[in-house]
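Q: no FASTA, just this:
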């Protein structure tokens, strides 16, 4: 009976926390929830990377049709048989991109954890982490653009149709936004430091 | 080089400790230490006035510009 009550209390507490975080927008609870979410996303990205690598190293001709979705809807069976280097390139791009997402989420979680919402510009650690996130987002965009170029090239080899894979503009926009945010945040940390050193 | 704070020199001349100065000018020891070690980014006129008053000196005695 007491166990049931405890469970109910925990549920109430959890629901209340979520309500406070996202409807009342109470800063500390919102931050705590965001940290938990980014931890979950990070765990999923690691799982996804593991699954992807497992699939990659267990590849054979019968199983390759399952790769259609992963490889931007291209049937890479001829590529796997005829141009192994091309296949390795495309597979490596995907692996690198998933790894970059995992590392970015890792640093983003660290950034959120280092952030004291009552005094956000106080901690020099958060400056370091947001700089890394900004850099990783730019690298991610560059890798994505490079993989799009390669995909176009291999698709033109595989089929007679015009290749239509263009890089994702939303990644560029996101990378720009994160970089602008990082620059503003860093300036905020520097200004806070200067203000603190006015005697 | 830029601006140099000669607070330690003036304190030695007046034979005043950091604790005493801190009590007289009502600034924390940590902040006085920041000022003494030259880590401070700026100093308020009111702080400068209070330190000059406590050490009986001119602002020029505390601050020096070196090329």
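A: Structure's in. What do you need? Bear in mind the structure is a predicted one, so any value in this text is a computation, not a measurement.
Q: Break down chain B into its helices, ranges please.
A: All helices of chain B, identified by DSSP state H, fall at B:7-13, B:18-25, B:29-36, B:45-55, B:59-62.
Q: hang on, I meant chain A
A: A:2-22, A:27-57, A:77-82, A:84-114, A:124-158, A:169-196.
Q: could those helices go into a markdown table alongside distance to chain B, mean pLDDT and mean neighbour count?
A: (Glycine included, C-beta is placed from N, CA and C.) Converted to a markdown table, the helices of chain A look like this (distance: least, CB to the nearest CB, whole Å; pLDDT from 0 to 100; neighbours: other CB atoms under 10 Å in any protein chain shown):
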| stretch | distance to chain B | mean pLDDT | mean neighbour count |
| --- | --- | --- | --- |
| helix A:2-22 | 36 | 61 | 11 |
| helix A:27-57 | 27 | 83 | 15 |
| helix A:77-82 | 59 | 67 | 16 |
| helix A:84-114 | 23 | 87 | 18 |
| helix A:124-158 | 15 | 86 | 18 |
| helix A:169-196 | 5 | 90 | 14 |
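Q: Take these and write them to a markdown table, including distance to residue B:59.
A: As requested, the helices of chain A are exported to a markdown table (distance: least, CB to CB, whole Å):
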| stretch | distance to residue B:59 |
| --- | --- |
| helix A:2-22 | 52 |
| helix A:27-57 | 43 |
| helix A:77-82 | 76 |
| helix A:84-114 | 40 |
| helix A:124-158 | 32 |
| helix A:169-196 | 21 |
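Q: Any residues of chain B in contact with chain A? List them.
A: Proximity of chain B to chain A is confined to B:27, B:31, B:32, B:34, B:35, B:39, B:40, B:41, B:42, B:43, B:44, B:47 under the rule CB under 8 Å from any CB of the partner chain.
Q: Show me just the buried residues among the residues you listed.
A: Among the residues of chain B next to chain A, those buried by neighbour count (16 or more other CB atoms under 10 Å in any protein chain shown) are B:27, B:31, B:32, B:34, B:35, B:40, B:43, B:47.
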